[in-house]
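Engineer: My questions are about this predicted structure, shown below with the sequence.
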Amino acid sequence: MSRIHPTAIVEPGAQIDETAEIGPYAIVGAHVSVGARTVVGSHSVLEGHTTIGVDNRIGHYASIGGRPQDMKYKDEPTRLVIGDRNTIREFTTLHTGTVQDTGVTIIGNDNWIMAYVHVGHDCRLGDNVIMSSNAQLAGHVFVEDYAIVGGMTGVHQYVRIGAHAMVGGASALVQDVPPFVIAAGNKAVPHGINVEGLRRRGFSADAISALRAAYRTLYKNGLSLEEAKGQLAELASAGGDGDVHVQALIDFVEQSQRGIIR
């Protein structure tokens with residue numbers, strides 16, 4: 001049987017795996033599903049149409065699946081989907097989506113979400129993302145795999161943070177951060193390639209060198225964005241380990257809706 005503390009409130013209809021653990025005074029709503037070996041801390045609230053995968057650890061006083069902070073929301077049955085092996089610390093707030101977007105907020109796998117983080121409606125976190133304490137995501141933000149968002153950073157709605165990017169603490173981010181790039185400041189500006197992070201994740205020296213050259217092209221050579229795109233295309237066809245990563249950078253820039261930090 002699932003380990004549900006006798007002081008917890010579990011509404012009829014909630015689906016809790018027999019190996020999950022629900023702590024003291026936690027509340028689990030009728031439309032919530034909790035997967036195997038997931039642990040929910042005391043006083044946390046799980047509500048809304050929320051699906052939580054396996055092996056997650058949710059800290060005390062977390063608010064999971066709350067109504068979106070969007071004045072257009074009219075009680076539609078929008079969703080929050082949380083993957084597997086995530087750590088979600090104390091006082092975190094994760095909201096469901098809205099019908100103005102896809103209707104779902106998505107948290108991927110293996111993410112580290114520290115205390116007091118807010119993930120707004122319709123956001124998407126990839127896998128292996130680190131959200132430091134007090135980082136705040138407005139609605140519709142997309143944080144790609146292995147990105148790091150520093151503590152007390154505020155991210156404007158619809159911003160994208162690319163894979164392996166790093167945003168420094170106490171930053172204000174109002175435009176997209178391309179993959180592999182370090183950004184910091186109010187307003188956030190680029191500060192080079194996330195070299196140490198790439199090394200830790202096994203990127204070759206050739207790939208890192210190619211990304212450094214791409215960064216110089218995009219930010220340091222005095223080129224317009226269109227001029228830089230042309231030269232980046234040449235770098236992406238150099239025939240080395242970095243080609244696929246430079247192409248990913250190009251694709252991100254091409255798809256940016258808010259424009260990239262410059």
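Structural biologist: Cool, the structure landed.

Engineer: Quick check, Ala172 in contact with Met152.
Structural biologist: No - checked against Cβ atoms under 8 Å, the pair Ala172 and Met152 is beyond contact range at 10.0 Å. Any C-beta I mention is one placed from the backbone N, CA and C, and that applies to glycine too.

Engineer: List the buried residues in whichever strand or helix holds Ala228.
Structural biologist: Using DSSP states H and E, Ala228 maps to helix 225-235. For helix 225-235, a neighbour-count test (16 or more other Cβ atoms under 10 Å) marks Ala228, Gln231, Leu232, Leu235 as buried.

Engineer: If you count contacts, what does that helix end up packed against?
Structural biologist: helix 205-215, helix 243-255 (3 or more Cβ pairs under 8 Å, 6 or more residues apart in numbering; DSSP states H and E).

Engineer: of all those, which lies closest to Trp112?
Structural biologist: Proximity to Trp112 (Cβ to Cβ) singles out helix 243-255 among these, at 22.9 Å.

Engineer: List the buried residues in that closest one.
Structural biologist: Within helix 243-255, the residues scored as buried using 16+ other Cβ under 10 Å are Asp243, His245, Val246, Gln247, Ala248, Leu249, Ile250, Phe252, Val253.

Engineer: now, among the residues you listed, which is nearest to Val141?
Structural biologist: Using Cβ to Cβ, those come closest to Val141 at Phe252, 14.7 Å.

Engineer: now, among the buried residues of helix 243-255, which is nearest to Gly162?
Structural biologist: Of all the buried residues of helix 243-255, the one sitting nearest Gly162 is Phe252; the distance, using Cβ to Cβ, is 5.1 Å.

Engineer: picking up where we left off before, could you give the separation of the helix holding Ala228 from the chain centroid?
Structural biologist: Computed by Cα atoms, centre = their mean, to the nearest Å, the chain-centroid distance of helix 225-235 equals 28 Å.

Engineer: Only alpha carbons, please: show that helix as CSV.
Structural biologist: C-alpha atoms of helix 225-235 as CSV (Å, rounded to 0.1, in the frame of the first residue of the first chain):
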residue,chain,number,x,y,z
LEU,A,225,22.6,39.5,-37.2
GLU,A,226,22.0,38.7,-40.8
GLU,A,227,25.7,38.9,-41.6
ALA,A,228,26.5,36.7,-38.6
LYS,A,229,24.0,34.1,-39.7
GLY,A,230,25.8,33.7,-43.0
GLN,A,231,29.2,33.2,-41.4
LEU,A,232,27.7,30.8,-38.9
ALA,A,233,26.4,28.6,-41.7
GLU,A,234,30.0,28.3,-43.0
LEU,A,235,31.2,27.3,-39.5
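
Engineer: Good, we can wrap up now.
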